[in-house]
Every structure is written in C-alpha cells, then in structure tokens.
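*Asks:* Here is a sequence together with a model predicted from it:
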Amino acid sequence: MQDDLEPRPVRDSQSEMAEIVLPNDTNPLGALLGGRLMHWIDLAGAMAAHRHSRNYVVTASVDHIDFLVPVRVGDLVILRSSVNRVFHTSMEVGVKVYVENYIADTAQHVGSAYLTFVAVDAAGKHLKVPAVIPETEEQQRWYTDAGRRREIRREHLERRRKAAR
C-alpha cells in the first residue's frame, strides 16, 4: 500500500536465496546456463525490491552481466540482493552471485548485476517508493554509484530513441 513512505534502511531489503545446480539447469558441458542464472538474478532482485517497497514490482531493466567463473552441476549458488537507491517509483537493486562447492569447501564470486524495478499496484499503475537509507560506507558507495549508473542508462535510452526515429 501507499500509506508507509517512511525511508527504510538498506538492511530491510537485504535478501538471500540459494539454488543447487541440477542437470536440467546446465548445458551439455555441465555448466550452468546463463539464462537460468539471469532468471535467478531477477528473482533475487525482485525479493529485495518487494521487501523495500512492500508492493508488487516489475523488472524495468537489467544492466550488463559478466560470468566470471563457471558453475557446475552440484554447486550451490548463493544470490545476495539489496536496494541500492530509490528514484521516485523505481529502485536500483544490486545482486551479487557466489558459487559454493560444499565438497571442496570453496566459494567464488560468479558475477554481479544491477537491475531496475518499478513498484506497481494490481492494475500496473506506478507507485511511489520510500527512500532508502544507506548505513555503511559500502552502502553509501552503492547509493552514489547507482546515481551514476542511472544517468548512463538514461543517456543510452535517449540515444536508442533518437536512432529509432
């Protein structure tokens, strides 16, 4: 609902999900499909956006994703997400992905992504989102960087619109 627009700390949005990579999640070489990982990133990001906005959210955009290390059948994928910054009806959410091999007791950073979600009501109308309060130096850096990324996204969008004319 729209009643509670009190600013909320980043920690209120922090979410974590885990997935075990099964054979159906992989390509013929036994490596996790990029599309499956992108799906999980979208879900993890939506969890943080839901928790912060306390409303329905829809994915508006996903920034660049690099796959840094392969993920194999049997690995445990950990996705951690939180709201980085709020822009009226939209939120930038950061998602960090790790792979844990619980047999070898190792963990590696797989990649990170930034997604933009928009809060909506049941009819799809955009809703105002409470501000986010960064509490740590790292969260403050994410907040500042999110503002820069938003400007870059806007510039790219404007260029695409001009090119389409």
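*Replies:* Cool, the structure landed.

*Asks:* Can you name the helix or strand that the residue nearest to the spatial centre of the chain falls in?
*Replies:* When the chain is reduced to its mean C-alpha position, the closest residue under C-alpha atoms, centre = their mean turns out to be residue 45, at 3.4 Å. With the criterion set as DSSP states H and E, the secondary-structure element containing residue 45 is helix 34-53.

*Asks:* Give me the mean pLDDT for that helix.
*Replies:* Computed over helix 34-53, the mean pLDDT rounds to 98.

*Asks:* And the next helix or strand past it?
*Replies:* The element immediately downstream of helix 34-53 (helix or strand, assigned by DSSP H and E) is strand 56-62.

*Asks:* What is the next helix or strand after that next one packed up against?
*Replies:* Where DSSP H and E defines the elements, the next helix or strand beyond strand 56-62 is strand 76-87. If contacts are counted by 3 or more C-beta pairs under 8 Å, 6 or more residues apart in numbering; DSSP states H and E, strand 76-87 sits against strand 15-20, helix 34-53, strand 90-101, strand 106-120, strand 132-133, helix 137-164. Glycine gets a C-beta too; all of them are placed from N, C-alpha and C.

*Asks:* so of the ones you listed, which one's packed in deepest?
*Replies:* Neighbour counts (mean count of other C-beta atoms under 10 Å) averaged over each of these peak at strand 90-101, with a mean of 22.

*Asks:* Each with direction, which strands does it pair with?
*Replies:* Strand 90-101 has its sheet partners listed here by DSSP bridges as strand 76-87 (antiparallel), strand 106-120 (antiparallel).

*Asks:* can you list those strands in CSV and add distance to residue 7 and mean pLDDT?
*Replies:* What follows is these, written out as CSV (distance: least, C-beta to C-beta, whole Å; pLDDT from 0 to 100):
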stretch, distance to residue 7, mean pLDDT
strand 76-87, 9, 98
strand 106-120, 15, 96
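
*Asks:* Out of the ones you listed, the one nearest residue 57 is which?
*Replies:* Proximity to residue 57, assessed across the strands paired with strand 90-101 by C-beta to C-beta, is greatest for strand 106-120 (4.2 Å).

*Asks:* quick check: angle from the closest one to helix 34-53?
*Replies:* With axes from the mean of the first three to the mean of the last three C-alpha atoms, to 10 degrees applied, the angle from strand 106-120 to helix 34-53 works out at 60 degrees.

*Asks:* Check the offset of strand 106-120 from the chain's centre.
*Replies:* Computed by C-alpha atoms, centre = their mean, to the nearest Å, the chain-centroid distance of strand 106-120 equals 4 Å.

*Asks:* Dump it to PDB, restricted to CA.
*Replies:* Provided in PDB are the C-alpha atoms of strand 106-120 (Å, rounded to 0.1, in the frame of the first residue of the first chain):
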ATOM      1  CA  THR A 106      35.300 -23.200  -1.700                       C
ATOM      2  CA  ALA A 107      33.400 -20.100  -2.700                       C
ATOM      3  CA  GLN A 108      33.900 -17.800  -5.600                       C
ATOM      4  CA  HIS A 109      32.300 -14.600  -6.900                       C
ATOM      5  CA  VAL A 110      30.400 -15.600 -10.100                       C
ATOM      6  CA  GLY A 111      29.200 -12.100 -11.100                       C
ATOM      7  CA  SER A 112      27.100  -9.100 -10.200                       C
ATOM      8  CA  ALA A 113      24.200  -7.300 -11.800                       C
ATOM      9  CA  TYR A 114      22.200  -4.200 -11.300                       C
ATOM     10  CA  LEU A 115      18.500  -4.300 -12.000                       C
ATOM     11  CA  THR A 116      15.900  -1.600 -12.000                       C
ATOM     12  CA  PHE A 117      12.400  -2.400 -10.600                       C
ATOM     13  CA  VAL A 118       9.300  -0.300 -10.700                       C
ATOM     14  CA  ALA A 119       6.700  -0.600  -7.900                       C
ATOM     15  CA  VAL A 120       3.200  -1.000  -9.300                       C
END
